[in-house]
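*Asks:* A structural model of the following input is requested.
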Amino acid sequence: MTARLSWVAYIQYFVIGILLYLFVVSSTFAVISGILGLTLGKSAAQTVLYGLTLLYLVGFGWILFRLSCCRAYMDETGVWYYSGLFPWSEGIRGIRWENFDQAQYRQSIFGWASHSYTIYLLDRYGRSVTVKNLHNGRDWSAFVNDYAFDNIK
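*Replies:* Model (predicted):
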C-alpha cells in the first residue's frame with residue numbers, strides 16, 4: 001500500500017513561494033531604479049515582471065512535482081518513505097521487517113479535520129522514521145501494523 005502527502009504539506013511551500021516572489025519583484029525594481037540609476041519604460045518593466053513571474057511559476061511547478069513524488073510505502077522487505085525536494089536531500093528512509101516494531105500516528109484536531117497525520121515508524125532498537133503530513137496516515141499506519149503482525153511476526 002502506498003500513501004501520498006496531504007494537501008497540507010503544500011501550504012507551507014505555497015506561502016513561502018508567494019512571499020519570496022513579492023520580495024524579489026519589489027526589490028528588483030528598487031535595485032534597478034535606486035542602485036543602478038536606470039529608469040524603466042512601461043514595456044521594459046512589464047518584460048521584467050513577466051520574466052520573474054515565469055521563473056517563479058517554473059520553480060513552483062518543480063517544487064509541486066517533487067512533493068508529489070514523496071510517498072510512504074511498504075513492500076516485502078519493509079516499510080519505506082521516499083522524500084526530498086532537492087537532489088542533496090532526497091532518499092529513502094525506512095525499516096526492514098525484521099527490525100520493525102510498529103507504526104504510530106499523532107492525533108490532533110487539525111489532523112483529524114484535514115486527514116493529515118504525522119506517522120512514526122518505530123524499530124525495535126528505539127529509532128524512528130518520521131513522516132509528516134501523510135494523507136490518511138491513521139488508516140495507513142493501521143494497515144502497516146496489521147500486515148506486520150499478521151504476516152511477519
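*Asks:* Contacts only, for the closest residue to Val144 other than its chain neighbours.
*Replies:* Once flanking residues are discounted, Val144 sits nearest to Ala103: 4.5 Å by Cβ to Cβ, 6 or more residues apart in numbering. Glycine gets a C-beta too; all of them are placed from N, C-alpha and C. When contacts are counted by Cβ atoms under 8 Å, 6 or more residues apart in numbering, Ala103 touches 79, 119-122, 140-141, 144-145, 148.
*Asks:* Could you tell me which of the residues you listed count as buried?
*Replies:* Burial by neighbour count, 16 or more other Cβ atoms under 10 Å: within the contacts of Ala103 this picks out 79, 119, 121-122, 140-141, 144-145, 148.
*Asks:* Those residues: which two are farthest apart?
*Replies:* Greatest spatial distance among the buried ones among the contacts of Ala103 (Cβ to Cβ): Leu122 and Trp140, at 14.7 Å.
*Asks:* Give me the nearest residue to Trp140, chain neighbours excluded.
*Replies:* In space, Trp140 is closest to Ala3, 4.3 Å off (Cβ to Cβ, 6+ apart).
*Asks:* The one you found belongs to a strand, doesn't it?
*Replies:* Yes - according to DSSP: H, G, I helix; E, B strand; the rest coil, Ala3 belongs to a strand.
*Asks:* centre of the chain versus stretch 44-58, how much separation?
*Replies:* 26 Å (Cα atoms, centre = their mean, to the nearest Å).
*Asks:* Would you mind naming the helix or strand containing the most centrally placed residue in the chain?
*Replies:* Centroid-nearest residue in the chain: Leu67, 4.6 Å away (criterion: Cα atoms, centre = their mean). Assigned by DSSP states H and E, Leu67 belongs to helix 42-68.
*Asks:* Ala103 too?
*Replies:* Assigned by DSSP H and E, Ala103 falls in strand 100-106.
*Asks:* so what strands line up beside that strand?
*Replies:* Strand 100-106 has the following strand partners under DSSP bridges: strand 116-123 (antiparallel).
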